[in-house]
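Chemist: Next come a sequence and a model predicted from it.
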Amino acid sequence: KQEVTQIPAALSVPEGENLVLNCSFTDSAIYNLQWFRQDPGKGLTSLLLIQSSQREQTSGRLNASLDKSSGRSTLYIAASQPGDSATYLCAVTKMKTSYDKVIFGPGTSLSVIP
Amino acid sequence: GAGVSQSPSNKVTEKGKDVELRCDPISGHTALYWYRQSLGQGLEFLIYFQGNSAPDKSGLPSDRFSAERTGGSVSTLTIQRTQQEDSAVYLCASSQWVMNEKLFFGSGTQLSVL
């Protein structure tokens, strides 16, 4: 059974700092890994998707890496801003048996202090 | 539509009543997911629809929960004889059935069972 964990559960940093969020998954048979952002009371917004054959993806100040063999992904946020404050969730899409299924981690709550 | 639409955005009901939650996926998206998010918790998979295939219902917590998808588009999640523990945000997401496509979420329905 695929399990996804995220460390830390919560993180508070001063504005401008670079930071790393961690995601681990137990079953390396995945199609892809996605990082999402969730603002309070809102749905999830997809930030980056890394295919299983890729090592990393970048979008603006965000960089996500994937090490499938070790079951790990990191989300790097450069020069953090107060607007980055949100919960960040990673999710893996299981390798297809009958159906693909997207499994989410519990999230990391990020606070960027002005 | 421009995005995934869910209605109602908020629903307050009395214990024992039935409720229906609606999801309109992005036009052309064949994959549709329902998730539940309890306060301070991660996303719990409920059910997955893919085209005309039989849905993956493995996440439904009890037989009081059911979902259907009509015409491969709109989906309705029904909860019968609601209980207080059903209180949560119910999120719907859709994607194209092409591997490595991002998941797009609606804003969710906040269900409160009194």
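Modeler: Alright, I've got the coordinates.
Chemist: How far does stretch A:25-41 stretch from one end to the other?
Modeler: End-to-end distance for stretch A:25-41: 27 Å, by Cα to Cα, to the nearest Å.
Chemist: Can it be said to contact chain B?
Modeler: Yes - if you take Cβ under 8 Å from any Cβ of the partner chain as the test, stretch A:25-41 does meet chain B, through A:Tyr31, A:Asn32, A:Gln34, A:Phe36, A:Gly41. To be clear about C-beta, it is placed using only N, CA and C from the backbone, and glycine gets the same treatment.
Chemist: would the last one count as being in a helix?
Modeler: Read it as A:Gly41. No - note on A:Gly41: no helix contains this position according to DSSP: H, G, I helix; E, B strand; the rest coil, which reports coil.
Chemist: Quick one: distance of stretch A:36-55 to the chain centre.
Modeler: From the chain centre to the centre of stretch A:36-55 is a distance of 6 Å (Cα atoms, centre = their mean, to the nearest Å).
Chemist: and that stretch, how far apart are its ends?
Modeler: Between the opening and closing residues of stretch A:36-55 we find a distance of 18 Å, counting by Cα to Cα.
Chemist: At the contact with chain B, which residues of chain A appear?
Modeler: Proximity of chain A to chain B is assessed by Cβ under 8 Å from any Cβ, with A:31-32, A:34, A:36, A:41-46, A:49, A:51, A:89, A:91, A:98-107 identified as the residues in range.
Chemist: Inside strands: which ones of the residues you listed?
Modeler: A:31-32, A:34, A:36, A:44-46, A:49, A:51, A:89, A:91, A:102-104 (DSSP state E).
Chemist: In ChimeraX, select just the buried ones from the residues you listed.
Modeler: With 16 or more other Cβ atoms under 10 Å in any protein chain shown as the criterion, this ChimeraX line picks the buried residues out of those:
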select /A:31,32,34,36,44,46,49,89,91,102,103,104
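Chemist: which secondary element of chain A has the worst mean pLDDT?
Modeler: Among the helical and strand segments of chain A, the one scoring lowest on mean pLDDT, DSSP states H and E is strand A:102-104, with a mean of 86.
Chemist: Just the buried positions in the helix or strand following that one, please.
Modeler: Stepping forward along the backbone from strand A:102-104, the first helix or strand reached (DSSP states H and E) is strand A:108-113. Under the neighbour-count criterion of 16+ other Cβ under 10 Å, strand A:108-113 has A:Thr108, A:Ser109, A:Leu110, A:Val112 buried.
Chemist: and the two most separated of those residues?
Modeler: Farthest-apart pair in the buried residues of strand A:108-113 is A:Thr108 and A:Val112; separation 12.5 Å (Cβ to Cβ).
Chemist: what residue lies at the spatial centre of chain B?
Modeler: In chain B, the C-alpha closest to the average C-alpha coordinate belongs to B:Trp34, at a distance of 3.3 Å (Cα atoms, centre = their mean).
Chemist: which regions of chain B lie under the pLDDT threshold?
Modeler: Per-residue confidence of chain B (counting by pLDDT under 70) places the weak regions at B:1, B:97-100.
Chemist: in it, which spans are strands?
Modeler: B:5-7, B:10-13, B:19-24, B:31-37, B:43-50, B:65-69, B:75-79, B:88-95, B:104-105, B:109-113.
Chemist: Any chance of a markdown table for the ones you listed, columns distance to A:Gly16?
Modeler: Below are the strands of chain B laid out as a markdown table (distance: least, Cβ to Cβ, whole Å):
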| stretch | distance to A:Gly16 |
| --- | --- |
| strand B:5-7 | 36 |
| strand B:10-13 | 37 |
| strand B:19-24 | 40 |
| strand B:31-37 | 31 |
| strand B:43-50 | 31 |
| strand B:65-69 | 45 |
| strand B:75-79 | 43 |
| strand B:88-95 | 32 |
| strand B:104-105 | 30 |
| strand B:109-113 | 35 |
